[in-house]
Every structure is written in C-alpha cells, then in structure tokens.
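Participant: The sequence and its predicted three-dimensional model are supplied below.
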There are 2 protein chains.
Amino acid sequence: MAEVYAARRDRLRERATAGGSAAALVSRSANVRYLTGAAPPGAVLLLGRDSGGSGDVLLCGQPPGGQVTEGRTDEELRVQVLAAPAGDPAVAAAEVALAQGADSLAVEEHHLTMARHRAIGSVAPALLLSDLNKAVEQLRLVKDEDEIACLRIAAEIADQALGELLESILVGRTERHLALELERRLVDHGADGPAFPTCVGTGPNSGRGGQRPSDRRVEEGDFLSVCLGATYRGYRCEIGRTFVIGTAPADWQIELYDLVFAAQRAGRESLLPGAACREVDRAARHVLDAAGYGDGLAQLTGHGVGLEIDEDPQLAPAAMGKLDACVPVTVEPGVHLPGRGGVRIDDTLVVRPEADGGPELLTITTKELLAL
Amino acid sequence: MAEVYAARRDRLRERATAGGSAAALVSRSANVRYLTGAAPPGAVLLLGRDSGGSGDVLLCGQPPGGQVTEGRTDEELRVQVLAAPAGDPAVAAAEVALAQGADSLAVEEHHLTMARHRAIGSVAPALLLSDLNKAVEQLRLVKDEDEIACLRIAAEIADQALGELLESILVGRTERHLALELERRLVDHGADGPAFPTCVGTGPNSGRGGQRPSDRRVEEGDFLSVCLGATYRGYRCEIGRTFVIGTAPADWQIELYDLVFAAQRAGRESLLPGAACREVDRAARHVLDAAGYGDGLAQLTGHGVGLEIDEDPQLAPAAMGKLDACVPVTVEPGVHLPGRGGVRIDDTLVVRPEADGGPELLTITTKELLAL
C-alpha cells in the first residue's frame, strides 16, 4: 500500500508545481489520510518539492508511535514522521519547508483558519503562501478499485445491520434505542464505527433527512425511516430505507412510497459517466416536483462518499461538472409531509459505464415497501 | 432562559465594542449555542450593535423551523432567525451587517477559514474585518449555576452507566463491545449522547489517554481502564477509572494504582480559586515524576469542560492564567507502561472556594482499586 500513497503524493506534487508552488501543506485530516494512510489527530503533511518524495514529512501533534501511526513504521509509510508536540504542527511544517529551501507554500485555505494562516506567516515571512485550491479533494473524487472494495464491505456491513434490525420486534421501542442498536450491530459486523450519526424517524418524524433520533416510540401504522452507514478502513457508505409498521400500509403511504421509489430509481438510472450532476438531480427531483412536492425538498438528492460521508460531487440543481466512472455517490430523494411523516430511500452506488453493466449498487437491501 | 442568552449577548457586545467593532460574527457552533440556546448545523450569529439586541440575527443554512431551532420560536429565542439556504450563512451575515449600517465586523479568526474570510471580504469590501479574540470562549470559562446543574446531571448519568457496567460479567468481552454498551447506557439514563467517543483499554492497552477500543478481549489479571462522559442539554462531563480483572491485583498493579491515585488526589486538592493552572498540573505531575515516570506523560493533566469536552483552561506545564470559582475542570493523570498497561484516573470537578468546601466533585464513582 505504501506505493499507492507515494503515487498519490506524486500526483499532488505535479498539481502543486503546475500551480506555481514548490511545496504544499495538507492540513485537512481526510486529505492527510488519503495521502499517507495515517491520520493521527491534528497531524499535517508537508509535501516537499523532490519528486522522489524525500522531503515529504508527516508532522504529528503527539510523539509518533505505534498508536499514532496505526502500527506502521516510518519505513512502511514511506514518509518521514516528526513530532511537533508543542504548538501547531502546521506552523512546524512551514519551518521545515523553509529549512528545505522552499520559497512558496500552497496551503488548504478552505481548511486552515485565519489564525493558523497568520501564525504560519509570522514564523515564515519569507514563504509566499498560496492556495492549494482543493487539489486533494479533486484527486479523491475518482476512487481506485481498492477504495471501492472498502466501500463495498462498508455497504455489506450496513446491509447486515439493517437486516438484523428488521427481524426484531420494533413496536414500542424508541428512535434512540433503534439507532444505538444499529450502531452496535455495525461494529459487531466489523465496522470501524458508524459513518455518521444514525438517523431513525418514526411516524411524523419519518422521511426527514438528518433526523436526530428522539424518545418517540414506534407505533402501529407508522412509517419508520432509517439512515445508517458503516466506516470500513476509513471509507464511509450510506443506506436509507423506509418501512411501514403493522399489517397493511394505508393508501397514502403506498402512494407516497411508490412516488419516492420512482424518483430514486430515476436518479439511479441516470448515473452514467459523462452525465451532468445537475441532470441526475433533475431526474429524481422532477418526479417529486411533477407530483406537487417541489417545495420543501432537500437541496441535494445525493452526494459523493469516500473517506468522508459528504464529499464532492453534489447532486443538486446548481451543481457544476459531470460524473466520471468509479465515482461513488448516494441517491437519496425523500418527501416529508409535516405532521404526517414521509419516505426517504437512499443507496450508495458507483458510477460505471454501460458496457460494464451501468451503476454498481453497493447497498442491496430490498426497496420493496416492507410492512413490519 | 431567553433572558440568560440575551444577557450573554449583551456582555459580548460590550467586549466587541470595547475592542473597536460595532458588530460581531460568531461562527463557532458551541459559541452560537452559548449565545442563543440553539445551534442548527452551520448556523452563525450576527451580533448587532444595538444594546437591546434588536440587530441580533441567527442565520441558518437551512430554512428555520421546528427542528432547526429545537422547537423554539424566534420570540422565545429573542433573536431574529433568518434562512440563508444558498451559500455560506457567514457571508449572508456580513451582508446583513452592512445593511444595518455597520462599518466594522469582528470575526472568529480561530474558527473562520481563510476561504470563508476571503468570501466575506469580497461581498462586503466596505466592512473592516477584525478579530473577536476568542471573546466568547472567555465568557464561557466561568459557568453559572444552571450550567453547573447540567454538568452535575451529565456526571450522574456517566456514574450510573459505569456502575451498571461493573455489575456485569466482563471477562471475554471486547473493548469495542464494552464501549458500545457504556454509550447505550448513557442514552438509557437520559444523555443526549456520549460527550466523546468512549475509551476502553484492557491489558497492555490500559491507562492510555484517547485509547480507541479494539477487538481485544478482557482477560483475567488485566488492568481495565475506561473513560466516558455524557452530554446533557449540551454540557459534557468526563470520568475515567481503572480496575483490575480477577480476584487479586498483582503487586505492581497495586503500586502503580496507588501512585496515580496519589497524583490525581494532589491535583484535585490544589483546585482552588486563584491557583495557577500550571501549579495544579505540577501538583499531579510531580508525584509521577518523582517516581520515575516523568517521561511519556501526557501533555495535559486536565482541562475545562462545558459545551465542549475540551475547553480552556488547560492544566499543563506551560499554561498561563489562574483558576476562578465555578470553573469545571477534569483532573486526569495516568501512567502507561508499554507492553504492560497502566492506570488513568479522571474526575470532573468544579472549582469552589474553601469557604464553600473546596472543589465540588461531580463524578462520584469510587476510586478504590476494584477487583472485578
């Protein structure tokens, strides 16, 4: 794996050099992990200008050791690991860059605070600071097959946790307890942990995005919507499903479910290399819009996933750009009727060419309307 | 409660005005919550210059509503709530400040990224941007009795969760499972959620700060160290204990435990209004240092808690400043022997004058060495 990280750093180095900066400072944790395989809390990566990567240094806020670099030696990481226990590792990195003879340094302006930026400027006034322009996030967009394999396992784990929950008795249990049980089952099945706080909504709370679990108990006749995800080796997936509690769903529940299902399918089916992100959003949104639910829809109908649960691309009306093959995204339209509840259906898929069978569905739990 | 928040905003307004800025932009989430009682994700607070607070506006990234402001109306919040669904609410806030006639705006430079700061500057070039200099964090240091009551309940919940775990069978269970069970019990007892990811270390993993639970199972003869905390109405506490598994601890375990206990007691007993933070650290650290464990100690022996789990003050060798009454802090020295494990003991206490009985211990689980 060390070669993979070294190759990623070389690609970033090319971008930084093309952008006019000899050296780069990566401070955003997921970016540091992407480039080194390790992300001790607060650690930053200094990318030196030498193409062999001999000037690449991981600066840690704590003494480097077994725990900090997750059991890997400096040798295995193929990057020098330095402790900067006092003060800000980003400031220490700027000093190292100066000592390496750099005269400019590209930083992550979308991550570094004003105060940190100023501190770097004051210890290294000779360094010309520029913006790395989210170059690492751009590299992270398209995943390699090893990354997709991690996402596939993360999705399997989430499917398993959800499947087990459906076999248990749900009526009378609170949203909070269901969320905690799902998170425990994720870990049981080998997740590093939940990919994000698990959402459980019952009755009037169902179908809302980002619903924080409350003490409301599941009742007969409720919609129950659940959104969860596993993290596996750092990679995060997402699945959301809506169920009906009781023997038979009401007519309005069936109608609303069918509508959201149709919207989600339209979104899924439009996932192809070269498709404009806004068109994927439109495909799903249009179905809900035409049925009169245009107001109150979420701003996104999906987003990229990877080392973070909310990455580029965004599937939204004003999104720019097109999809590439090997980009994993969620498709997650939903409708919420105030006071009554609603439906949300959410999958993680990988964009694939039609010749390869089209989008690869990672979260395979059924999307039939189950009455539990 | 609305009066409390309005009074906090007035105190901040005084500081901002004294600092030369008519208006202030608060973007850090815990600070927004401290000043309004609500903290929708991404929301920012614009503090207008009018002393009545009529220009105070909470700008949300999503349409304001029941969920976003946690069921409170604008009236109850005593602050105007505006939706800025497109783009950055901080940029929208700067536009509102301009429309209110402000010519300067103090921002949180330790929180705003370079990119957001630049975006504010480009939509409102007429605004002179200055630094709020962590004024809200300074206000948050000393807690009022309502805040301390929340911390007290949070500590009770953590004590209950820990107490129940001790009554169960531990041998053979993994660190991960114990951590998840503790978190479930926190919620069972009324916590909003864990205050931070629960740490469980067994055998060679015991006694380390920030130990992430692994799949190692509890064995006879192990040290077992646990660190957990509850969040109650936003307020976070922390408790850490170390136990021995089996019928009788080994001599080295008893000696190490007694030593860390003595260090922790020395730290606790030095918590008094007016005590220098570095002296509290020294009181605890000195005990471990004199026994030959000076190398490898954590950088802090404690820290403030409140709406965040890691607040000022820091109890560390280079810490500046003195303790005030009504400041809640942790005291948490520990020793970890590589390959063998170690001991960590952690309490949350509130600094109180000697006349009031000295430091108030919030986490009351016994600190005897229990053999489980």
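Facilitator: Right, received. Where do you want to start? Residues are numbered from 1 along each chain as shown, chains lettered A, B, ... in the order given.
Participant: Per the annotation, how does chain A divide into domains?
Facilitator: Listed domain ranges for chain A are A:2-139, A:142-361 (source: automatic domain parsing).
Participant: Now tell me which of these the model trusts least on average.
Facilitator: Note on these: domain A:2-139 shows the lowest mean pLDDT, a mean of 85.
Participant: How far does it sit from its chain's centre?
Facilitator: Centroid separation for domain A:2-139 versus its chain: 22 Å, with Cα atoms, centre = their mean, to the nearest Å.
Participant: Let me know which of the domains of chain A is the nearest to chain B.
Facilitator: domain A:2-139 (3.8 Å; Cβ to the nearest Cβ). C-betas here are computed from N, CA, C, even on glycine.
Participant: and the stretch 51-200 of chain A, which residues reach chain B?
Facilitator: Residues of the stretch 51-200 of chain A lying near chain B by Cβ under 8 Å from any Cβ of the partner chain: A:62, A:67, A:85-86, A:107, A:109-115, A:117-118, A:131, A:176-177, A:180, A:183-184, A:187, A:193, A:197.
Participant: Now mean neighbour count too, for the domains of chain A, in CSV please.
Facilitator: Listed next are the domains of chain A as CSV, based on neighbours: other Cβ atoms under 10 Å in any protein chain shown:
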stretch, mean neighbour count
domain A:2-139, 19
domain A:142-361, 20
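Participant: and of those domains, who's closest to B:G163?
Facilitator: Of all the domains of chain A, domain A:142-361 sits nearest to B:G163, with 19.0 Å by Cβ to Cβ.
Participant: and the domains of chain A as a markdown table, adding distance to B:V329?
Facilitator: Converted to a markdown table, these look like this (distance: least, Cβ to Cβ, whole Å):
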| stretch | distance to B:V329 |
| --- | --- |
| domain A:2-139 | 21 |
| domain A:142-361 | 28 |
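Participant: what's the closest of the ones you listed to B:G20?
Facilitator: Going by Cβ to Cβ, the one of these nearest B:G20 is domain A:2-139, 17.4 Å.
Participant: what about that closest one, start to end distance?
Facilitator: This stretch, domain A:2-139, spans 17 Å end to end (Cα to Cα, to the nearest Å).
Participant: Close to chain B: what parts of the stretch 251-372 of chain A are there?
Facilitator: A:Q299, A:A318.
Participant: Okay, strands next: where are they in the stretch 251-372 of chain A?
Facilitator: Remark: strands assigned in the stretch 251-372 of chain A by DSSP state E, counting those that start in this stretch are A:302-304, A:311-315, A:328-331, A:334-337, A:341-344, A:347-350, A:360-361.
Participant: what residues does the fifth one touch?
Facilitator: Yep, that's strand A:341-344 we're talking about. If you take Cβ atoms under 8 Å, 6 or more residues apart in numbering or on different chains as the criterion, strand A:341-344 is touched by A:201-209, A:222-223, A:225, A:227, A:240, A:242, A:256-257, A:259-260, A:332-336.
Participant: What segments of chain A are helices?
Facilitator: A:2-18, A:29-36, A:74-77, A:89-99, A:114-123, A:135-141, A:145-166, A:175-188, A:251-269, A:277-288 (DSSP state H).
Participant: Need the contact partners of the last one.
Facilitator: Spelled out, that is helix A:277-288. Here helix A:277-288 has contacts from A:259-260, A:262-264, A:266-267, A:269-271, A:294, A:297, A:300-302, A:313-323, A:331, A:333, A:335, using Cβ under 8 Å, 6+ apart.
Participant: How far does that helix sit from its chain's centre?
Facilitator: Offset of helix A:277-288 from its chain centre (Cα atoms, centre = their mean): 21 Å.
Participant: again, but for stretch A:222-240
Facilitator: 11 Å.
Participant: end to end, how far does that stretch reach?
Facilitator: 16 Å.
Participant: Do any residues in it lie close to chain B?
Facilitator: No: Stretch A:222-240 does not reach chain B (Cβ under 8 Å from any Cβ); its nearest approach is 12.3 Å.
Participant: quick one: which of the strands of the stretch 251-372 of chain A is nearest B:A275?
Facilitator: Per Cβ to Cβ, nearest to B:A275 of the strands of the stretch 251-372 of chain A: strand A:311-315, 46.7 Å.
Participant: Give me the contacts around the closest one.
Facilitator: Strand A:311-315 has contacts (Cβ under 8 Å, 6+ apart) with A:137, A:140-141, A:267, A:277-278, A:280-281, A:284, A:300-305, A:319, A:321, A:323, A:327, A:329, A:331.
Participant: Direction-wise, compare it with helix A:277-288 and give the angle.
Facilitator: Using axes from the mean of the first three to the mean of the last three Cα atoms, to 10 degrees, one finds that strand A:311-315 and helix A:277-288 are set 50 degrees apart in direction.
Participant: Pairing partners for strand A:311-315, with directions?
Facilitator: strand A:302-304 (antiparallel) (DSSP bridges).
Participant: A:L361 pairs with what?
Facilitator: A:L349.
Participant: For it, give me its contacts.
Facilitator: Listed by Cβ under 8 Å, 6+ apart, the contact set of A:L361 reads A:R268, A:D347, A:L349.
Participant: again, only this time at 10 Å
Facilitator: A:A155, A:R268, A:L271, A:V331, A:D347, A:T348, A:L349, A:V350, A:K367 (Cβ atoms under 10 Å, 6 or more residues apart in numbering or on different chains).
Participant: Distance check, the residue nearest to A:E175 when sequence neighbours are not counted against A:D88.
Facilitator: Among residues not flanking A:E175 along the chain, A:P213 sits closest, at 3.7 Å (Cβ to Cβ, 6 or more residues apart in numbering or on different chains). Per Cβ to Cβ, to the nearest Å, A:P213 is found 37 Å from A:D88.
Participant: what does A:E108 give?
Facilitator: 14 Å.
Participant: do the same with A:Q160
Facilitator: Distance, A:Q160 to A:D88, by Cβ to Cβ: 42 Å.
Participant: what do you get for A:V244?
Facilitator: 52 Å.
Participant: A:A38 now?
Facilitator: From A:A38 across to A:D88, the span is 19 Å (Cβ to Cβ).
Participant: next one: A:A250
Facilitator: Taking Cβ to Cβ, one finds A:A250 at 57 Å from A:D88.
Participant: picking that back up, just flag the most distant two among the contacts of A:L361.
Facilitator: Most distant of these, by Cβ to Cβ, are A:V350 and A:K367, 17.6 Å apart.
Participant: which ones are touching the residue located most distally from the centre of chain A?
Facilitator: For chain A, the residue at maximal distance from the C-alpha centroid (Cα atoms, centre = their mean) is A:A126, at 36.9 Å. Residues near A:A126 by Cβ under 10 Å, 6+ apart: A:L98, A:A102, A:D103, A:S104.
Participant: what's the closest non-adjacent residue to the second one?
Facilitator: Same thing as A:A102. A:A23 (4.1 Å).
Participant: Test my guess that that neighbour contacts A:L12.
Facilitator: No: assessed by Cβ atoms under 10 Å, A:A23 is found out of contact with A:L12, at 11.1 Å.
Participant: any residues in contact with both of those two?
Facilitator: A:L47, A:D56, A:A106.
Participant: so what's the first one closest to, chain neighbours aside?
Facilitator: Sequence neighbours aside, A:A24 is the residue nearest to A:L47 in space, at 4.2 Å (criterion: Cβ to Cβ, 6+ apart).
Participant: partner residues bridging that neighbour?
Facilitator: A:L47, A:A106.
Participant: That one against A:A135, yeah?
Facilitator: Yes: contact criterion Cβ under 10 Å: A:A24 and A:A135 qualify, at 7.8 Å.
Participant: shared neighbours, those two?
Facilitator: Joint contacts of A:A24 and A:A135 (Cβ under 10 Å, 6+ apart) are A:L12, A:R13, A:R15, A:A16, A:A106, A:E108.
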